[in-house]
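*Asks:* structural data only, the sequence is not supplied:
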């Protein structure tokens with residue numbers, strides 16, 4: 001085999017590895033979508049709800065009032081973060097309620113200073129630990145529970161049975177760094 005053939009072989013293998021990764025990632029997303037208790041329509045709507053809310057917050061300059069996070073699960077919106085005034089908090093809630101496909105809004109935005117980057121990093125770590133514990137527990141369907149942590153408060157969303165809700169809260173409550181657990185579940 002000459003040098004040109006060797007380079008072509010290596011280039012082809014590299015390109016095919018990228019294709020394999022795309023196929024595996026796409027297949028993984030399909031498995032997660034199939035395991036989700038939400039309809040495919042709600043899964044798509046939830047992405048759109050979050051994007052539309054963030055866009056409207058930018059247009060009304062609410063993003064300059066602080067930090068607002070939007071999570072939608074089965075048409076139920078959870079707002080977290082911090083803003084400078086009660087008016088900004090209420091406006092974010094109203095914008096979210098007015099979006100099409102939104103069935104309910106849990107406005108958990110706090111009036112106060114924006115939390116630090118180190119606190120947000122800690123919150124992300126708490127969410128990861130809670131979610132991994134859900135996925136390793138056979139009594140609950142961890143794929144159907146969304147975990148959002150804000151300043152040590154853990155918010156749990158999803159379509160769950162009463163037993164799964166109780167178990168999830170119990171697990172989250174015992175994770176180091178969790179100050180409070182808030183249920184935003186829909187019970188099946």
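*Replies:* Noted; the coordinates are in hand. Model, not experiment: these values are computed from the prediction. Numbers count the residues shown, from 1 in each chain.
*Asks:* any stretches of this protein with poor pLDDT?
*Replies:* Along the chain, segments meeting pLDDT under 70 span 1-34.
*Asks:* okay, strands next: where are they in it?
*Replies:* 66-73, 76-83, 104-107, 110-111, 145-150, 153-160, 180-187 (DSSP state E).
*Asks:* which one, of the ones you listed, ends up nearest to residue 45?
*Replies:* strand 66-73 (7.6 Å; C-beta to C-beta). The C-beta positions use only the backbone N, C-alpha and C, and glycine is treated the same way.
*Asks:* which elements pack onto the closest one?
*Replies:* Under the contact definition 3 or more C-beta pairs under 8 Å, 6 or more residues apart in numbering; DSSP states H and E, strand 66-73 sits against helix 40-59, strand 76-83, helix 86-98, strand 145-150, strand 153-160.
*Asks:* need those in JSON lines with distance to residue 174, can you?
*Replies:* Converted to JSON lines, the helices and strands packed on strand 66-73 look like this (distance: least, C-beta to C-beta, whole Å):
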{"stretch": "helix 40-59", "distance to residue 174": "29"}
{"stretch": "strand 76-83", "distance to residue 174": "22"}
{"stretch": "helix 86-98", "distance to residue 174": "30"}
{"stretch": "strand 145-150", "distance to residue 174": "14"}
{"stretch": "strand 153-160", "distance to residue 174": "11"}
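*Asks:* what's the residue lying closest to residue 110 once chain neighbours are set aside in contact with, if anything?
*Replies:* Once flanking residues are discounted, residue 110 sits nearest to residue 82: 5.1 Å by C-beta to C-beta, 6 or more residues apart in numbering. Shown in contact with residue 82 (C-beta atoms under 8 Å, 6 or more residues apart in numbering): 66-67, 109-115.
*Asks:* what do you get for residue 147?
*Replies:* Neighbouring residues of residue 147 by C-beta under 8 Å, 6+ apart: 127, 130-131, 134, 154-156, 172.
*Asks:* pull the residues that contact stretch 123-135.
*Replies:* Under the criterion C-beta under 8 Å, 6+ apart, residues 115, 140, 142-143, 145, 147-152, 154, 168, 171-172, 175-178 lie in contact with stretch 123-135.
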